[in-house]
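Novice: Let me see the structure of the following:
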Amino acid sequence: MKMVLPPMLIQRIVKISGLSFEEALGNGWLRVVHPDDKEKLFKGWQEATRLYHESFSDYRFMRPDGTIAWVMDRRFRKQILKIK
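Specialist: Residues are numbered from 1 along each chain as shown. Okay, here's the model as predicted:
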């Protein structure tokens, strides 16, 4: 499943994660999601897409310096349509 994110969201991911814009494109940003959070995040987004519901997720980014950043993410119905 490829998650198409809007440029504004990618820019926020870049600020929080330390990735470059190019590294964060496509599913590249998932590299910095904490391994313990990836499955839950994917399942939540798949379910929201399948049911065409809004979704709310909280997960962690692992920064290059080893610190953790908690992220709260809310996707609205029109954003879910862009997840392919």
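
Novice: State the phi and psi torsions of the residue lying farthest from the centre of the chain.
Specialist: Most distant from the centre of the chain: Asp65, at 19.8 Å, with distances by Cα atoms, centre = their mean. Phi and psi for Asp65, reported as degrees, to the nearest 10, are phi -80, psi 0.

Novice: Not counting sequence-adjacent ones, nearest residue to it?
Specialist: Using Cβ to Cβ, 6 or more residues apart in numbering and skipping residues adjacent in sequence, the residue nearest Asp65 is Gly18, 7.7 Å away. The C-beta positions use only the backbone N, C-alpha and C, and glycine is treated the same way.

Novice: The chain: strands as residue ranges?
Specialist: 55-62, 68-75 (DSSP state E).

Novice: which stretch among these comes nearest Glu22?
Specialist: strand 55-62 (17.2 Å; Cβ to Cβ).
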